[in-house]
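*Asks:* Give me the fold of what follows.
(chains A and B, ligands or ions: 2)
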Amino acid sequence: MAPIVEVSNLTKTYKGGFQALGGVNLEIEEGEILALLGPNGAGKTTLISTICGIVTPTAGSVRVGGHDTITDYRAARSLIGLVPQELTLEPFETVMNTVRLSRGLFGKPKDDAHIEKVLRQLSLWDKKDNKIMMLSGGMKRRVLIAKALSHEPRVLFLDEPTAGVDVELRRDMWDVVEELRKTGVTIILTTHYIEEAEAIADRVGVIAKGEILLVQDKAELMAQMGQKQLQIDIATPVSTLPVSLVDRGLTVEESGTRLIYTYDTRAERTGITALLNDLQAENIQMTDLSTTQSSLEEIFVGLVKESA
Amino acid sequence: MNFAAVKAIYLYEMARFWRTLLQSFVSPVISTSLYFVVFGAAIGSRIDQVEGVSYGAFIVPGLIMLSVMTQATSNASFGIYFPKFIGTIYELLSAPVNFLEIVVGYVGAAATKSLFIGVVILATAALFVDLEIQHPFAMLAFLVLTCISFSLLGFIIGIWAGNFEQLQLIPLLIITPLVFLGGSFYSVSMLPPVWQTITHFNPVLYLISGFRWAFFGQADVPIGLSLLAIALFTGLCLAAIAWIFRTGWRIRQ
Ligand SMILES: Nc1ncnc2c1ncn2[C@@H]1O[C@H](COP(=O)(O)OP(=O)(O)OP(=O)(O)O)[C@@H](O)[C@H]1O
Ligand SMILES: [Mg+2]
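*Replies:* Ligands and ions are numbered 1, 2, ... in the order given. Predicted coordinates:
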């Protein structure tokens, strides 16, 4: 099946010459949840804004549901819901009015039953007649989500939906996302929280300096995370491994005084005992042993540093 | 055409108006009454008649035009500037609507509000003076066209403005003086010849003159010229808006 969102060579250079996106390619499958991780200023908001039509691309193209977002913007945008990063709402309007406006703007006929369902789902129903300025920050965030859901999008962009939101509300938000996924909505969310990506995403993308560094299945990433490394420091440097150790998957660090053995903690046998026995048999004297584990956080920080 | 979107924008903008209905109603009534007290009573007692019309009645068309033009401009400019200012414009930009639909929604609402104010002023004025409208349909057409064209102008100002000062600059610096100097409270023939010539360069003169013709059947400039002027003005605003639409000027980054 064709991806529901196809971003090809998307470039954005802002007025003044700053390049916020440098040829981004990204494919998002229908029904998946993609988490975009990246430091401040990475270009997450710019990427989302360009897909949604708020920012005009300098080069490249985007297709949503097979429709080009520029030449066939009506069809493309009809599929998209956007929850922006900033809490942008008119303070004097009521919750109900602003949500109704959203539905109308997307050309959908009036349907108060649907709006009621959305507001209830987000625990906003009893606030429906309140003015926006009377709501707390977390409630405003939910109003923005309600506006986006009011027009029944098939692709939902959530730009840092849980920034400044307390733990309980964050879990509620994740539940909402899970509910939406069940109805087949594709969700793209940006976040700074790795736990968030771990908790709800199917795939994780890492973006820095306007470039996508990696997009990977969360399960694969988790598998990488399940891997541990055993570092063995040895007394006498070796340049090549003894024959009996070659098949063990050992690597020698440049200095020749450290051997690294990668193993899966979740495997039935880690092979550590056998390895140590073999080392002894080869008369290799060990001076130290240590283990490290790479977390998603480390992978992330490593990637971002590399690109810097 | 996304009619649902046009309707949604229009109703949303009108909702603000209905919420402050009393205010929208009371302020033109009071200001009109004040004008009648000051101009009608104080000056009107010295100027008996202008071109065969009592001074009190003579100023009614100008008074309506003054309010309608300033209200349409400020309403429409504020209507589109505010979402830009607080950021809610993101929704208009990401919705499946084109610029025309946005313009029709916002300008339609601003024009409706100013039309309402124009009618309120007319009704208030009728309490003070005897009014006889010779060409009611022409009167209505002029009024509606003025509401629409100045709302278009306001929309352009709202898109252009980068801050609240700029938002008020054009109405204050250009529209109000042009209306006052455009013969709203006097007939151009009352001016010295030099000023008469200068006044003819004021576009607002043609609008007020045409509107007054609809009331009393006489005007400072031929009615044909007035029609041409309003058509030209509306056309210019539409052209500017079409250009903004094509280039995304001051809206899209
Ligand atoms: N309108 C603009 N004009 C010029 N530069 C801009 C504009 N908007 C964003 N930028 C720049 O583009 C870069 C990417 O910004 P963007 O908002 O996309 O980052 P982000 O990944 O969303 O960051 P954050 O996590 O802080 O929200 C930043 O360096 C920013 O300064
Ligand atoms: Mg951002």
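*Asks:* give me the beta-bridge partners of the closest residue to residue A:252 other than its chain neighbours?
*Replies:* Of all residues not flanking residue A:252 in the chain, residue A:259 sits nearest, at 5.9 Å (C-beta to C-beta, 6 or more residues apart in numbering or on different chains). For the C-beta atoms, the positions are set from N, CA and C on the backbone; glycine is no exception. Residue A:259 has these beta-bridge partners by DSSP bridges: residue A:232, residue A:252.
*Asks:* To which secondary structure element type does residue A:42 belong?
*Replies:* Under DSSP: H, G, I helix; E, B strand; the rest coil, residue A:42 falls in the coil class.
*Asks:* how much space between it and ligand 1?
*Replies:* Per C-beta to the nearest ligand atom, to the nearest Å, residue A:42 is found 4 Å from ligand 1.
*Asks:* same deal with residue A:51?
*Replies:* With distances taken as C-beta to the nearest ligand atom, residue A:51 is found 12 Å from ligand 1.
*Asks:* what's the answer for residue B:37, then?
*Replies:* Distance of residue B:37 to ligand 1, given as C-beta to the nearest ligand atom: 52 Å.
*Asks:* buried sites along stretch A:31-41?
*Replies:* Buried residues in stretch A:31-41, counted by 16 or more other C-beta atoms under 10 Å in any protein chain shown: A:31-38.
*Asks:* In this structure residue A:166 contacts residue A:138, no?
*Replies:* Yes. Look at residue A:166 against residue A:138 with C-beta atoms under 8 Å: they come within range, at 6.8 Å.
*Asks:* who has more neighbours, these two?
*Replies:* Taking other C-beta atoms under 10 Å in any protein chain shown, residue A:166 and residue A:138 do not tie; residue A:138 has more neighbours (17 against 11).
*Asks:* Would you agree the more buried one falls within a helix?
*Replies:* Yes. If the criterion is three-state DSSP, then residue A:138 is within a helix.
*Asks:* tell me the pLDDT at it?
*Replies:* Per-residue pLDDT puts residue A:138 at 87.
*Asks:* With residue A:302 instead?
*Replies:* Residue A:302 carries a pLDDT value of 69.
*Asks:* Next: residue B:178.
*Replies:* 88.
*Asks:* and the closest residue to it other than its chain neighbours, what does it touch?
*Replies:* Leaving aside its sequence neighbours, residue B:178 sits nearest to residue B:204 (C-beta to C-beta, 6+ apart; 4.4 Å). Applying C-beta atoms under 8 Å, 6 or more residues apart in numbering or on different chains to residue B:204 gives the contacts B:65, B:69, B:175, B:178-179, B:181-182.
*Asks:* gap between residue B:204 and ligand 1?
*Replies:* 38 Å.
*Asks:* do the same with residue B:117
*Replies:* 38 Å.
*Asks:* same deal with residue B:248?
*Replies:* Distance of residue B:248 to ligand 1, computed by C-beta to the nearest ligand atom: 13 Å.
*Asks:* burial of that residue, as a residue count?
*Replies:* Residue B:248: 12 neighbours (other C-beta under 10 Å).
*Asks:* Residue A:265 too?
*Replies:* Neighbours around residue A:265, by other C-beta under 10 Å: 11.
*Asks:* Looks like it contacts residue A:229 (just checking).
*Replies:* No. The pair residue A:265 / residue A:229 is not scored as a contact, 10.7 Å apart, by C-beta under 8 Å.
*Asks:* Can you tell me which of the buried residues of stretch A:31-41 is nearest residue B:217?
*Replies:* The shortest gap between residue B:217 and any of these belongs to residue A:36, at 69.3 Å (C-beta to C-beta).
*Asks:* surely that closest one meets residue A:213?
*Replies:* No. Using C-beta under 8 Å as the test, residue A:36 is too far from residue A:213 to be in contact (10.9 Å).
*Asks:* Any stretches of chain B with poor pLDDT?
*Replies:* Residues of chain B that meet the criterion pLDDT under 70 lie in B:40, B:44.
*Asks:* any idea which residue sits dead centre in it?
*Replies:* Centroid-nearest residue in chain B: residue B:69, 2.0 Å away (criterion: C-alpha atoms, centre = their mean).
*Asks:* Contact partners for that residue?
*Replies:* B:146, B:150, B:175, B:179, B:204, B:207.
*Asks:* same check, this time on residue B:185
*Replies:* Contacts of residue B:185 by C-beta under 8 Å, 6+ apart are B:39, B:59, B:62-63.
*Asks:* ok so, going back, can you check which residues contact both of residue A:265 and residue A:229?
*Replies:* Each of residue A:293 lies in contact with both residue A:265 and residue A:229 under the rule C-beta under 8 Å, 6+ apart.
*Asks:* is ligand 1 contacted by the one helix or strand residue B:67 maps to?
*Replies:* Under the criterion of DSSP states H and E, residue B:67 resides in helix B:55-86. No. Remark: helix B:55-86 sits outside contact range of ligand 1, by C-beta under 6 Å from any ligand atom, the gap being at least 13.3 Å.
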